[in-house]
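1. Give me a 3D structure for the following:
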Amino acid sequence: MKHLILILTLSLCFSINAQEKKVKSNAFLRVYNLEGKKIAKGKLVSTDESHLQLKRKKKLITIPLDSIGSIKTKRSFGNNILVGSSIGAGTIILLSIGSGESPVEGYTGIGTLLFAGVGAGFGAITSIGKNPRIFEIHADKVKWEAFRKLLNVVSD
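-> Okay, here's the model as predicted:
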């Protein structure tokens, strides 16, 4: 019986290595072109001398250096507001369903709007302390190498 359990455990461990590898860095980046328009966003996968690779929704995005104008870290200000308002509205809707009241009757609609506003306020407050960093690259190899060295220090 011991051998059977050992073989079963070892065979289950082999499938762990077949899973998709986790990204080493958890940095969320927004990449803008030379004209200042956002061209990509996602989690950092890798960089080399001439490319930046991001992952978004399990899809890899490769951006050449000559099209990178600037890179901003962290998510935008509106993301925290959206998440906060969704949590506030969702909480009231779940509480009203749990109490047996329909979401379209009674005070549920007013409560949903009120708590969505309160959640958005909390999201705005938390956005103040985010301090995203902006790296101006402008397709310059020297600035790109400085950015890559900074990423290596941060991710290690």
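
2. which residues touch the most centrally placed residue in the chain?
-> In the chain, the centroid-proximal residue (CA atoms, centre = their mean) is F28; its distance is 5.4 Å. Going by CB atoms under 8 Å, 6 or more residues apart in numbering, F28 touches 41-44, 73-75. Yep, even glycine has a C-beta here, placed from its N, CA and C like the rest.

3. Of those, grab the buried ones for ChimeraX.
-> In ChimeraX syntax, the buried subset of the contacts of F28 is picked out as below (16 or more other CB atoms under 10 Å):
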select :41,42,44,73,74,75
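
4. wait, which of the contacts of F28 is closest to E145?
-> L44 (15.9 Å; CB to CB).

5. you'd agree the closest one is up against A27?
-> Yes - under the criterion of CB atoms under 8 Å, L44 makes contact with A27 at 4.6 Å.

6. just to revisit the earlier point, which one of the contacts of F28 sits closest to R148?
-> Out of the contacts of F28, the member with the shortest distance to R148 (by CB to CB) is L44, at 10.7 Å.

7. Report the separation between that closest one and D66.
-> 19 Å (CB to CB, to the nearest Å).

8. what does F135 give?
-> 16 Å.

9. Likewise for K143?
-> 13 Å.

10. again with S76
-> 25 Å.

11. quick one: which of the two has more around it?
-> S76 (15 against 9; other CB atoms under 10 Å).

12. and the closest residue to that one other than its chain neighbours, what are its bridge partners?
-> Of all residues not flanking S76 in the chain, R30 sits nearest, at 7.3 Å (CB to CB, 6 or more residues apart in numbering). Beta-bridge partners recorded for R30 (DSSP bridges): K41, K72.

13. was I right about R30 contacting K72?
-> Yes - R30 is within contact range of K72, at 4.5 Å (criterion: CB under 8 Å).

14. per-residue confidence at L94?
-> pLDDT recorded at L94 is 81.

15. Mind checking what secondary structure it has?
-> Here L94 is recorded as helix under DSSP: H, G, I helix; E, B strand; the rest coil.

16. burial of it, as a residue count?
-> Residues near L94, counting by other CB under 10 Å: 11.

17. Next: the one 5 residues further on.
-> One way to gauge burial is a neighbour count; for S99, by other CB under 10 Å, it gives 9.

18. what's the answer for Y107, then?
-> By other CB under 10 Å, neighbour count at Y107 equals 11.
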